[in-house]
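K.L.:
sequence unavailable; structure follows:
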């Protein structure tokens, strides 16, 4: 792991945007994207840049099950608002949360992932160590799957809804094996609330109880951290 610690989340976000830029410069054009507050500043920087994504392909990690892409808390809506409507991509792919046939949706999305190997995958991390919606106990061998969200993840995401009861209970998610297939992975994490999770994935054992710990086995992972989230690292 290449661990980079910045004074602020904004500085780390700028570093992530530079990695996007460098990836494009080398002719690599398939990007695995994440949603949520963590990558939001990076997307803002990309929007304000002169980078051209018109030949690039975007493949998102996950989507809530049971809500329309037009719902203002869907991840399709988030990506359009924060990136796609400002920086058009050649193709964008997001799991279809409205598809109630889970087997069909999983097959469809796995085919997309096989067709377009990701050059760069951006990740956030949950306070319980999840990546995408791969909760503790998720198999390292899983590809796309429909998952039941844990109470801690629902609680984390409730800040985006009027109340906790409105948060979807399930989601479609890129599996850990699929995430690990990316050539280069960036994991961004900010704030003291995720310091325990970061300590576990860097200094703890590789275990399915902490899904992000599998990143220790990837040959090209960059961790972009602020000082707060890195505060519990023994090496810090």
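P.N.:
Yes, it's here. None of the values given here were measured: they were computed from a predicted structure.

K.L.:
now do the strands in the protein.
P.N.:
2-6, 30-33, 57-60, 62-64, 91-93, 120-123, 145-148, 170-173, 184-189, 221-226 (DSSP state E).

K.L.:
nearest to residue 215, of the ones you listed?
P.N.:
The minimum distance between residue 215 and the strands of the chain falls on strand 221-226, with 4.9 Å, by CB to CB. For glycine as for every other residue, the C-beta is placed from the backbone atoms N, C-alpha and C.

K.L.:
centre of the chain to that closest one, how far?
P.N.:
13 Å (CA atoms, centre = their mean, to the nearest Å).

K.L.:
OK, contacts around residue 71?
P.N.:
The neighbours of residue 71, taking CB atoms under 8 Å, 6 or more residues apart in numbering as the test, are residue 77.

K.L.:
tell me the phi and psi of it?
P.N.:
phi -60, psi 140 (degrees, to the nearest 10).

K.L.:
picking that back up, columns mean neighbour count, distance to residue 156 and mean pLDDT on top of the strands of the chain, output as TSV?
P.N.:
Compiled in TSV, those are given as follows (neighbours: other CB atoms under 10 Å; distance: least, CB to CB, whole Å; pLDDT from 0 to 100):
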stretch	mean neighbour count	distance to residue 156	mean pLDDT
strand 2-6	15	23	97
strand 30-33	24	19	98
strand 57-60	22	18	98
strand 62-64	24	13	94
strand 91-93	16	25	97
strand 120-123	24	15	98
strand 145-148	18	15	93
strand 170-173	24	13	94
strand 184-189	24	13	98
strand 221-226	23	18	98
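
K.L.:
present these as a markdown table; the columns should include distance to residue 83.
P.N.:
Converted to a markdown table, the strands of the chain look like this (distance: least, CB to CB, whole Å):
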| stretch | distance to residue 83 |
| --- | --- |
| strand 2-6 | 22 |
| strand 30-33 | 8 |
| strand 57-60 | 8 |
| strand 62-64 | 15 |
| strand 91-93 | 9 |
| strand 120-123 | 11 |
| strand 145-148 | 24 |
| strand 170-173 | 20 |
| strand 184-189 | 15 |
| strand 221-226 | 18 |
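
K.L.:
between those, which one is closest to residue 99.
P.N.:
Going by CB to CB, the one of these nearest residue 99 is strand 170-173, 8.0 Å.

K.L.:
strands paired with that closest one, and their directions?
P.N.:
Strand 170-173 has the following strand partners under DSSP bridges: strand 62-64 (antiparallel), strand 145-148 (antiparallel).

K.L.:
out of the strands of the chain, which comes closest to residue 23?
P.N.:
Across the strands of the chain, closest to residue 23 is strand 120-123 (CB to CB), at 4.7 Å.

K.L.:
can I get the strands paired with strand 170-173 in JSON lines including distance to residue 178?
P.N.:
Formatted as JSON lines, the strands paired with strand 170-173 follow (distance: least, CB to CB, whole Å):
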{"stretch": "strand 62-64", "distance to residue 178": "11"}
{"stretch": "strand 145-148", "distance to residue 178": "10"}
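
K.L.:
if anything else comes up later, I'll come back, but that's it for now.
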